[in-house]
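Participant: Any chance you could fold what I've pasted below:
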Amino acid sequence: MGKKRNKKNNLNPWLTANRPDQKDSFIQVGESLATHPVFKTLSITARYIYERMSVYANYAKNNNELDFTFPRSVYCGKYGISSNAFHRAIKDLIEKGFVRCVLKGKNQRVASKYRMVQVWKIGNPLNGCPQTGRHLSQNGTPNAIAAPNIGIQHYPRVNIKIEEKDEPPHEA
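Facilitator: Below you'll find the predicted structure:
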């Protein structure tokens, strides 16, 4: 028989604001993530938002979904992050390969959808995987198709001579 799961909150008292008999959600942050050079280049706000978004990604994963929403009511109301700080941080997370914006909801007036990706682990998706040289798929893993061998393409040289005319330009 399997081990019976304890219904109590197993968090240390200094990690939760709830009473010991109340359940509280939590995330695990590995030491390798916290000390990774790419993660350390993120701003403090971006790191905090990444950790908060991972809670919402876990909820989506438990419901068999890859994408999750992180609406303004959550980051402004619940966590007290200004809209400008959030947009700077999410831009940083997207550029460095931690999060991908699947749906921008600004023009449709719906919540944007995000997806956690691991491109920051593997390398730049434009350069491909450093081990295999293959292009990366949308979720950041190497594809089975090898990267095309594209050499440097030079533009043709055009010789243009500009000759001065004897007549000055006409003035009106």
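Participant: next SSE after the helix or strand containing Ala85?
Facilitator: Assigned by DSSP states H and E, Ala85 falls within helix 83-95. The helix or strand immediately downstream of helix 83-95 is strand 99-103, counting by DSSP H and E.
Participant: Now do the next helix or strand after that following strand: which elements does it pack against?
Facilitator: Where DSSP H and E defines the elements, the next helix or strand beyond strand 99-103 is strand 113-116. Counting by 3 or more Cβ pairs under 8 Å, 6 or more residues apart in numbering; DSSP states H and E, the packing neighbours recorded for strand 113-116 are helix 44-62, strand 68-69, strand 99-103. Glycine gets a C-beta too; all of them are placed from N, C-alpha and C.
Participant: Okay, now the sheet partners of strand 113-116, with direction.
Facilitator: strand 68-69 (antiparallel), strand 99-103 (antiparallel) (DSSP bridges).
Participant: now these in CSV, with mean neighbour count and distance to Ala34?
Facilitator: Shown next, in CSV, are the strands paired with strand 113-116 (neighbours: other Cβ atoms under 10 Å; distance: least, Cβ to Cβ, whole Å):
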stretch, mean neighbour count, distance to Ala34
strand 68-69, 18, 22
strand 99-103, 17, 17
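Participant: What strand or helix carries Lys23?
Facilitator: Applying DSSP H and E, one finds Lys23 in no helix or strand.
Participant: which outside residues touch stretch 67-86?
Facilitator: Applying Cβ atoms under 8 Å, 6 or more residues apart in numbering, the contact partners of stretch 67-86 are 45, 48-49, 52-53, 56-57, 59-60, 89, 102-103, 111-115.
Participant: Same list as before, the strands paired with strand 113-116 that is, but in JSON lines and with mean pLDDT and distance to Arg19 included.
Facilitator: Converted to JSON lines, those look like this (pLDDT from 0 to 100; distance: least, Cβ to Cβ, whole Å):
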{"stretch": "strand 68-69", "mean pLDDT": "88", "distance to Arg19": "28"}
{"stretch": "strand 99-103", "mean pLDDT": "90", "distance to Arg19": "33"}
